[in-house]
Every structure is written in structure tokens, then in C-alpha cells.
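> Please find the sequence and the predicted model below.
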Amino acid sequence: MSPSFRSSVLQEAWARGLIHQSTDLGRLDARLAEGPVSLYLGCDATAESLHVGHLLPIMLLRLFQKHGYRPVALVGGGTSKIGDPSFRNTARPILSEEALSKNVAGVRRSYEPYIRFGTAGNDGKLVDNAEWLDRLEYIPFLRDIGQHFPVGRLLSLDSVKQKLDNNLPFSFLEFNYPLLQAYDFLELARREHCVLQIGGSDQWGNIVSGVELIRRMDQQEAFALTTPLLTTASGAKMGKTAQGAVWLRPEFCAPFEFWQYWRNVEDQDVGRFLRLFTELSLEKIADLESSDVNAAKVVLADQVTGLTHGQGALPEIHQAVQALFYGGEAAESVPTFSVPPTWLGKKTIVDLLVESGLCTSRGEARRLIRGGGAYMNDQAVQEETLEARHFSEGKAKVSAGKKRALYACLQS
RNA sequence: GGAGGGGUGGCCGAGCGGUCAAUGGCAGCAGACUGUAAAUCUGCCGACGGAAGUCUACGUAGGUUCAAAUCCUACCCCCUCCA
């Protein structure tokens, strides 16, 4: 039973499954229905790109902008100097200044495909909390902000409790994190008139701390809204693969790989993901759900990839898919590796697998071959010397398993 | 500062002088079945080498021993309790 909302954003967000928890959905709805407000989403600068795990809150922020609200995207250049301890077993490494500034720039760019930034109307604004956090002085901060944080309440935060209950290392540095994020909210409430902070459900404690701080210090009402923690149907964390996170920036995850990630989601996730990560109408999604799953997965992959990397990235990806999985013509976007002619009759297929990067060591290449997972032109191969017959018209398709392949081209 | 416990391969976690490149689980890779899915089953899963084998690895640095992840010493880090 879905609550009935007056504001169109909450209606849509709810229908799509973007909402997990809020401080007061009823009052928030009333506030949103009154007219445009500003809201913010913060992501720490832990890497040079955000990843699929961040995508859900970003989609929610985007939805708010679509409905006329003003989004503020925050980069945690300041908070990243501490590191959010929430629900992690180990402390985050302390980043060097250079690494940090690279990360900040990368996170900024990660937001760009999803949020329209500018200075007019409800254009979004990008801010870095280092702007105010770096200037804080310890004693004034303790006196002005610290006094509003009863230790008992801090200790009762789930993120803190988990650390303590499990005897995990937990320093005073990390203990301060919720105060700083709370202070961010206060600062953005004052300078950007943000009345709402959104985030993943793991941010609940941090966000609520801010809501409370704003009430205590400014006697203003502010709201928290979180997105659900996403796991795949089989329980794995969203956005993780063997290679690690699925990054949003093309420099860290090629559009082809990104597309493949969505193309290969589990059957049971397709409908849910279409609602969460695309902007197709709910009717259209219902149609897709009742038709062929694989077709629906392609739509999902196209939509998410198109939004993230631009529509222009799609034709090339489709061509590569055709070539790789359906025996189509050689596609430009399938990677190539050029083979010096001197290798013929001298180097082996093992060498080729390693040199081209399909395998990371000769041992791995041998094992792959022994297990029957190495192919030349779709024919399983033995450990053998590279011969001219492997190439037709100077080209050979080399595959490691069924999903990784490249073209080896003879240099002329 | 004191007492005790602990640091093992991507993660968890056995081992506690030789048979340990290190049991097991998870993750991963490949194969089979399928649908570029899930589940299941099979094989693989440090590097080099065709192989025999060689090398590098059990917090760091030394030492004892024919032989050390296993014993000793110092140091570093983490946890618990005490002050």
C-alpha cells in the first residue's frame, strides 16, 4: 500500500522504489508540495570516480531536479580527510593531498552526466565541503558544534555501535565523522537553503545527525531521505564485480564493460533496475517485464549506458556485442592487439594471451588452454606455436572464455 | 606504563619444527547445462619452466637449527583488561 503524496516527486520516487526511509515523509511531502526547495547529496572523494553503488542516490537527486527542485551535489573534499567509518571494518587510508585533489576532480566529473549544473533556475550547484571544513578551528568547533552532540547519542549510532560491538579499531578521528557531516548539512542549510539531504541508507545516522543539529542551532526543520541498500537477487552487493567496483567514469570502466554489467544482471532484477536506474515510464517498464527478459536487459543496458556515457556510445557497443557473441563482422570497438610478423613460427599462443593482456601470467594462460577456455577464431586451441594459418587476412580473433576477446592483427 | 591475546595467500580462517605453495570456506577463472542470467555439476586457482625443478611468500628485521609459518630476540601494528 503506497502512501498518497501531494508532491509529484515523492509520488514518482515511491512508485519507482527509490525511497527507503525518511524522518517525516508526511511533512516532507507538504514542504515539497509548497514549492521548489534545495536539497543535497554528498559523496566522499574516496576514488577518482563514483561507482554504480552511488548511482541510486544520484538518480534520486536527478529525479528531484526533473521535478523542479534545486540539487546541490557535494564532494567531500573535507570529510574525505577523515574517512567515513560507517559500516566498514577498516579505517580508510589517509589520502595524500595530490590523491585527494585528483579524487575531488574525479567525483565532480562523475556527477556531470546526471545533474544539470548552472546558475539559472533550478540548475544544480556543485560544492566541496573542504571550503568550510578546512577552515574550522578545533576549539570553536568543539564549543559551537560539539556541545550539541551528547556522547550517548553518538554511541547509539548504528555505525558506531557496530564498530564497538565487534571490537573493531575505531579512532577518535573517525568518531568525529558524524559531526562533520552534520555540520555540512547545517552549512548548506544556511548558505544554500537546503532543507533535505538524501543519501544511501548507510548514511541515515549521519544525515539525521545533521537534521538534529539544524533543529538545535537554527530551530529550523530539515529532512532526511534515503534510498534502499541495493543487493542483487542473489544477495551480492550492487555494482561490484571481480575487478572491483563498476565505475561511472569511462576512464575507469570502459562503456562496453559498463554496458555488459547491466546486460548481465540477474533475471529477477531487471524490472526493479529498470524502475530505479532508467527514466522509462512505469507502463513501458511493465510491458518490458512481461516480454522477453533478454530484450529487457538490453533496454536496461542501453538506457543506463546512454545516460552515463551518452547515446553516442551505443552503436559502437552494439557492434562489439554483435561481433563477440553473435559472430558478426569484426567491430571497431573490440580491442585489437598488433602482432609483429616475427612472432610467427616462434612465439606461442601462450605468449599471445599474455602479451595481449588477456591473461596476467604465463601460468594462467596455460591453465586456460588446458581447461579448454582459450580460442583462436572460436576454435579451442592447444599450447602451440603461432602460425600464419591462425590468421585470415592478417587477423585472428583470440578469446579467453566466451566473454573476453580481442583481435590479433598481423603487422605488415 | 603493566598484563594478556593476536597479525597467515583477494577476504574469512586452519596450521604451531620437517610430509606446507600452506586444510577448509568465500570470492575469482574456465568447462558442461542454458539464454552473454541465476542455480547446479566438473576442473583450475603464487611466479618462472615443456618437464624435472627453481624462486618468492605466513607483520618487519635479525637469530637458533641439517630444516622455521611454526622456536628465540628486537621492533611495528591491532584487540582486551588494568593503571
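Sure, I can see it.
> Run a quick check on residue A:54 versus residue A:43, I expect a contact.
Yes: counting by Cβ atoms under 8 Å, residue A:43 is a contact partner of residue A:54 at 5.7 Å. From N, CA and C alone the C-beta is placed, and that goes for glycine too.
> tell me, what's touching the two both at once?
Common contacts of residue A:54 and residue A:43, defined by Cβ atoms under 8 Å, 6 or more residues apart in numbering, comprise residue A:110.
> dump the residue contacts of residue A:71.
For residue A:71, the contact set (Cβ under 8 Å, 6+ apart) comprises A:38, A:39, A:40, A:41, A:61, A:62, A:64, A:65, A:115, A:122, A:124, A:125.
> which one among those residues gets closest to residue A:229?
For the contacts of residue A:71, the closest approach to residue A:229 (Cβ to Cβ) belongs to residue A:41, at 15.6 Å.
> Residues in a beta bridge with the closest one, which ones?
When bridges are taken as DSSP bridges, the partners of residue A:41 come out as residue A:73, residue A:198.
> List phi and psi for residue A:324.
phi -80, psi -40 (degrees, to the nearest 10).
> got it, and residue A:221?
Torsion angles at residue A:221 (phi, psi; degrees, to the nearest 10) stand at phi -90, psi 130.
> residues near it, how many?
Neighbour count for residue A:221, taken as other Cβ atoms under 10 Å: 15.
> Distance-wise, check it relative to RNA strand B.
38 Å (Cβ to the nearest atom of the strand, to the nearest Å).
> Quick check: that residue touching residue A:215?
Yes: with contact defined as Cβ under 8 Å, residue A:221 and residue A:215 form a contacting pair (6.8 Å).
> Stretch A:183-203: how far from the chain's middle?
Stretch A:183-203 sits 20 Å away from the centroid of its parent chain (Cα atoms, centre = their mean, to the nearest Å).
> ugh, typo on my part, it should be stretch A:294-309
Taking mean C-alpha positions (Cα atoms, centre = their mean), stretch A:294-309 and its chain are 15 Å apart.
> Other residues contacting it?
By Cβ under 8 Å, 6+ apart, the list of residues contacting stretch A:294-309 reads A:113-114, A:248, A:250, A:255, A:258-265, A:270-271, A:273-274, A:277-280, A:288-289, A:313-314, A:317.
> What of stretch A:371-378?
In this structure, residues lying in contact with stretch A:371-378 by Cβ under 8 Å, 6+ apart are A:327, A:349, A:353, A:365, A:368, A:380-381, A:390, A:392, A:396-401, A:405.
> now do stretch A:187-195
Contact partners of stretch A:187-195, identified using Cβ under 8 Å, 6+ apart, comprise A:31, A:37-40, A:72, A:74, A:125, A:127, A:129, A:132, A:185, A:197, A:214, A:218, A:220-223.
> From these, which land in helices?
Assignment to helices by DSSP state H places the following of the contacts of stretch A:187-195 there: A:31, A:132, A:185, A:214, A:218.
> Tell me the one of those residues nearest RNA strand B?
Lowest distance from RNA strand B to the ones in helices among the contacts of stretch A:187-195 (Cβ to the nearest atom of the strand) belongs to residue A:185, with 28.6 Å.
> Neighbours of that closest one, how many?
Burial measure for residue A:185: 27 neighbouring residues, criterion other Cβ under 10 Å.
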